[in-house]
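Trainee: I would like the atomic coordinates for the input below:
(one chain, ligands or ions: 1)
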Amino acid sequence: MRSNPPAAASVLSGIEPLRWDTLGQPLSRRFNDFYFSRVNGLEETQYVYLRHNQLPQRWQSLAPGQAFCIGETGFGTGLNFLSCWQAWREHAAPTSRLHFISVERHPLSQQDLRRALSLWPQLAEFTDALVAQYPPPCGGFHRLVFDQGLVQLTLIFDDACHAIAQLEPRVDAWFLDGFSPAKNPEMWSPELFKGVARSSHRNTTFSTFSAASSVRRGLEAVGFAVNKAPGFGKKRELLYGQYRPELMSGSDQPRSDQPCSNQPWYAHPSLAADPASISIIGAGLAGASTAFALAERGCQVQLFERGAEPGCGASGNPQGVLYAKLPVAPTRSSRIHLNGYLYSLRLLQRQLSPGQHWSPCGVIQLALDDREADKQRKLLQSGQYPDSLVRPISAAAASVMAGYPLTAGGLLFPQGGWVSPAELCRKLLNHPNIHCHFNQPIDSIQFDPARQQWQLRSPSGALLHQAATLVVANAHEAGHFPALAELPLKPIRGQTTSVSTQSSALKTVLCGNGYIAPAKQQRYCFGASFDLNDLDTRVRTSDHRHNLALIEQMCPALAQQLAPQLAAAQGRVGFRCAAPDYLPIVGAVADPAAYIRDYAALRSNAKARIDTPPTHLPGLFVNLGHGSKGLITAPLAGALLADIMTHGPAPIEPELQRALNPARFIIKRLIKGII
Ligand code: SAM
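Mentor: Below is the predicted model of the structure:
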């Protein structure tokens with residue numbers, strides 16, 4: 001867990017430049033090939049991919065609520081995805097769910113994507129929705145959500161062979177696209193076919209526009225029965241077929257039990273069936289995001305909250321800032337933050353209109369000293385982060401944008417801004433599948449083995465609720481439950497300051513060692529203090545002064561304007577909940593005794609090969625440890641947890657999932673010989 005292997009970003013080389021022919025059809029300069037048939041790309045998609053995977057027929061026979069998963073190599077313009085989504089709307093039952101996973105190594109720009117798809121006015125509604133959510137060319141996973149969660153696109157900007165080798169979910173149908181094997185031999189490799197087979201099951205089908213014999217042989221070698229059919233347009237033939245490893249000779253048959261990772265302790269529990277009803281403790285960003293993600297996946301959620309409304313704890317500050325602090329070279333933690341930032345932006349776009357509670361006014365991260373300026377320069381030179389995500393801004397331009405004179409420039413996050421976390425929680429919880437129980441403090445959770453249920457009790461010991469599947473999302477208070485005693489949660493006290501203002505001249509969020517957002521309802525909110533091992537809930541004048549000093553560093557003119565108001569300042573104290581590695585804790589909760597027993601060999605050999613699957617506390621999950629970054633990590637973590645619980649494809653790489661796994665602490669302690 002210590003080294004950071006290269007992120008998917010390192011295989012990307014920015015936006016792919018295109019050529020356009022006289023008919024306005026896109027052509028790859030790199031591969032000198034067209035993205036789709038010049039005869040009729042949409043009909044080609046429908047013929048090659050939908051018809052030869054028998055999709056409409058297979059969708060019609062799905063059980064209510066059942067999900068169907070498609071895997072694709074080469075997202076390109078997204079035409080295959082859009083035509084598939086359009087057909088899904090027409091043919092699948094309204095409760096079924098579509099997962100579409102597509103890998104793209106050379107992403108198109110948003111403008112080129114729109115231009116290519118504008119060839120199909122009949123797809124305009126789908127094109128608009130895709131373009132609105134289309135991510136910048138940052139390597140890794142991007143989860144896009146459509147049709148109230150019924151259609152989920154996991155767009156992976158990475159090399160297909162690398163990404164598909166790591167896929168965990170079972171794919172029901174493969175769209176093997178990608179330029180022709182003659183022009184793109186690197187992609188159509190034995191590794192790709194092995195990865196495709198590893199994520200296939202007995203009913204998995206595939207189709208491809210290519211009829212190359214190398215493709216046929218490659219697929220047959222990994223267990224696919226391959227057929228030929230007439231190709232589309234000028235193409236003579238295409239290939240399609242089904243995964244039939246049983247037809248292979250015994251020694252060639254792939255083992256279906258081969259683990260994807262040699263760290264079985266990080267495997268997720270395999271629940272017998274998707275839980276129909278799930279209970280959650282906590283209605284802050286973590287609880288609300290988890291509830292929403294589960295509700296969108298068709299689960300009924302019972303949510304218990306000590307306070308009278310959502311976002312009473314650390315998520316209750318009037319304004320939270322939405323941006324990601326990025327390092328020069330991506331680390332696991334920065335990849336999670338960047339992925340989460342982009343995920344939250346898309347969620348806000350779906351859930352809140354810009355206005356009173358969410359303002360994408362931009363965030364300027366000021367370079368307040370030489371060290372920070374040097375770091376920002378290196379970050380921009382690294383080429384890791386596209387312009388649309390973050391770009392340099394001079395002191396003069398920053399001053400114009402902010403509406404106040406600033407002595408330093410810095411980095412501009414043009415899509416960032418501020419949001420009211422409590423309002424976002426409220427919006428997420430307003431879903432027909434979510435049933436909120438406010439003013440219900442849960443003092444203890446205890447597993448009843450006879451009923452196989454968790455018993456939730458009030459401070460007076462009254463039994464309030466029983467749940468077979470429980471998610472604990474109440475930040476540092478979770479540490480009071482003995483079942484979670486192994487999780488090293490620490491509360492970090494933070495005080496924000498709010499003062500009234502007559503002039504609300506600040507136009508953008510400023511960040512340095514603290515932050516301040518444009519005024520909301522004639523009040524400026526800024527902060528925040530950061531105190532470990534301090535459980536004092538009282539608002540302190542000294543912290544108000546500290547917060548004002550943070551503003552003074554960034555914008556003396558604004559600090560001068562705020563100073564006279566400080567005597568009448570209102571403050572709010574919250575407790576951020578953080579893990580020692582400052583990463584969220586998301587997933588099933590390990591059974592400590594079983595882990596210590598089963599993985600004891602790690603004490604003497606950190607690389608010990610152990611095959612024992614992990615034992616978890618039955619039906620117990622957590623979404624915790626978001627520190628001060630809940631706005632960018634909690635929604636993504638909610639989606640991840642919901643996917644783990646409902647066996648869907650995850651929104652982040654397996655490596656990043658392991659970095660968030662609650663079992664990481666017990667495994668580290670075993671390896672260090674502490675337990
Ligand atoms: N399915 C696409 C559509 O609906 O527009 C068309 C795909 S286009 C023919 C092939 C795509 O494969 C291109 O976007 C190309 O960048 C991508 N590609 C080529 N080699 C790749 C690789 N090794 N890994 C991932 N994607 C790759």
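Trainee: any idea how far the residue in the stretch 1-150 of the chain positioned nearest to the ligand lies from Gly139?
Mentor: When scored by C-beta to the nearest ligand atom, the stretch 1-150 of the chain has Gly74 as its residue closest to the ligand, at 2.4 Å. C-beta here means a position set from N, CA and C on the backbone, and glycine is covered the same way. Distance, Gly74 to Gly139, using C-beta to C-beta, to the nearest Å: 16 Å.
Trainee: could you double-check that Lys194 lies in contact with Gly223?
Mentor: No - using C-beta atoms under 8 Å, Lys194 is not in contact with Gly223; the gap is 9.9 Å.
Trainee: more neighbours: which of the two?
Mentor: Set side by side, Lys194 and Gly223 show more neighbours around Gly223, with 22 against 17, by other C-beta atoms under 10 Å.
Trainee: let me know the pLDDT of the more buried one.
Mentor: Gly223 is assigned 96 on the pLDDT scale.
Trainee: now do the one 3 residues further on
Mentor: At Val226, the pLDDT value in this model is 98.
Trainee: now swap in the one 3 residues further on and tell me
Mentor: The per-residue pLDDT reported for Ala229 equals 98.
Trainee: what is the burial count for it?
Mentor: Neighbour tally, Ala229, other C-beta under 10 Å: 15.
Trainee: can you tell me the SS state at it?
Mentor: With DSSP: H, G, I helix; E, B strand; the rest coil as the basis, Ala229 sits in strand.
Trainee: do I have it right that it meets Gly241?
Mentor: No - between Ala229 and Gly241 there is no contact under C-beta under 8 Å: 10.2 Å.
Trainee: can you list the residues of the chain near the ligand?
Mentor: 35-36, 73-80, 103-106, 159-160, 177-179, 184, 186-187 (C-beta under 6 Å from any ligand atom).
Trainee: looking at those, which are in helices?
Mentor: Leu79, Asn80, Ala160 (DSSP state H).
Trainee: any chance of the residues you listed in JSON lines with pLDDT as columns?
Mentor: What follows is those, written out as JSON lines (pLDDT from 0 to 100):
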{"residue": "Leu79", "pLDDT": "98"}
{"residue": "Asn80", "pLDDT": "98"}
{"residue": "Ala160", "pLDDT": "97"}
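Trainee: in what helix or strand does Ile156 lie?
Mentor: strand 151-157 (DSSP states H and E).
Trainee: for the closest residue to the ligand within the stretch 201-350 of the chain, which non-adjacent residue is closest in space?
Mentor: Proximity of the stretch 201-350 of the chain to the ligand (C-beta to the nearest ligand atom) peaks at Phe209, 8.0 Å away. Nearest residue to Phe209, sequence neighbours excluded (C-beta to C-beta, 6 or more residues apart in numbering): Val48, at 5.0 Å.
Trainee: so that neighbour lies in a strand, does it not?
Mentor: No - read with three-state DSSP, Val48 is helix and lies in no strand.
Trainee: how far away is it from Phe175?
Mentor: Counting by C-beta to C-beta, the gap from Val48 to Phe175 is 8 Å.
Trainee: many thanks, we can stop here.
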